[in-house]
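Participant: Fold the following.
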Amino acid sequence: MLSWPALTPESLVLVATLMGVYDTRTGLPVIGVINQPFHALAGTTWTGRCFWGVSHGEVNAYGPPIGQHPPRSVPVVMHSKRERSDIIASLQAFQSFGVPGAGYKQLCVIDGLADAFILSAASTYKWDTCAGHAILRAQGRPLCAYAGDRGELRYDDTEHRSNKEGLFVARTTELASLIRATLPS
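Facilitator: Here you go, the predicted model:
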């Protein structure tokens, strides 16, 4: 089990306020802001932090810079606490960590605390992912569907408000291929 304080389940650090904007012509996210109001506790005072990203045309910008974290020899893959047992079992080659909150899991990949995020169920909605997706896109990491065509998520489908094919993102293309190869079909 990981021992980093930032990955402590069941705590206020999981709280995230998500604000995302998408292009109605393409369905792709263009602006995202994630506020984590309870990032660190010093004594009795909480301090927060805010991440932002813009990905539109040739413009890709985000802040703050990706965090500097201790090097790790085994990639960290985050998943839902209620993820399917066969998927969790397939992640044995990685450090897998189940936590609640789609926004928090995206934030961990954005900040470099985690290397990937998997969610196989249709348990999130587009408003849970648009902000993080915009920041991830600005960093060069599109948020894709776990199943189906595995293409990048789009937000212009007003008939389906859930991310019906799950979610998947990895920090590198190589890691994405490695993780996908271990997952059950």
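Participant: check contacts around residue 126.
Facilitator: 153, 155, 161, 162, 163 (C-beta atoms under 8 Å, 6 or more residues apart in numbering). Heads up, the C-betas are built off the backbone N, CA and C, glycines and all.
Participant: Kindly apply the preceding question to residue 129 instead.
Facilitator: 20, 102, 106, 143, 153, 163, 167.
Participant: Just want the phi and psi numbers for the residue lying closest to residue 163 once chain neighbours are set aside.
Facilitator: Spatial nearest neighbour of residue 163, excluding adjacent residues (C-beta to C-beta, 6 or more residues apart in numbering): residue 124 at 4.9 Å. Dihedral angles of residue 124 (phi, psi; degrees, to the nearest 10) stand at phi -120, psi 160.
Participant: cool, and residue 18?
Facilitator: Per-residue torsions, residue 18: phi -110, psi 130 (degrees, to the nearest 10).
Participant: what's the neighbour count on the residue nearest to residue 163?
Facilitator: 20 (other C-beta atoms under 10 Å).
Participant: That one and residue 63, how far apart?
Facilitator: According to C-beta to C-beta, to the nearest Å, residue 124 stands 25 Å off from residue 63.
Participant: any idea which residue sits dead centre in the protein?
Facilitator: residue 106 (2.0 Å; C-alpha atoms, centre = their mean).
Participant: Give me the residues contacting the helix or strand that one falls within.
Facilitator: Assessed by DSSP states H and E, residue 106 sits inside helix 102-111. With contact meaning C-beta under 8 Å, 6+ apart, helix 102-111 is reached by 6-7, 13-16, 18, 34, 36, 51, 53, 62, 66-67, 78-80, 99, 114-117, 119, 124, 128-129, 131-133, 135-136, 139, 141, 143, 167, 169-171.
Participant: how about residue 151, what does it touch?
Facilitator: 144, 145.
Participant: Do a quick rundown of the strands in the protein.
Facilitator: In the chain, the strands defined using DSSP state E lie at 17-22, 29-42, 45-56, 59-63, 76-79, 95-98, 116-119, 167-170.
Participant: for the longest one, the distance to its chain's centre please.
Facilitator: For strand 29-42, the distance between its averaged C-alpha position and the chain's averaged C-alpha position is 13 Å (C-alpha atoms, centre = their mean, to the nearest Å).
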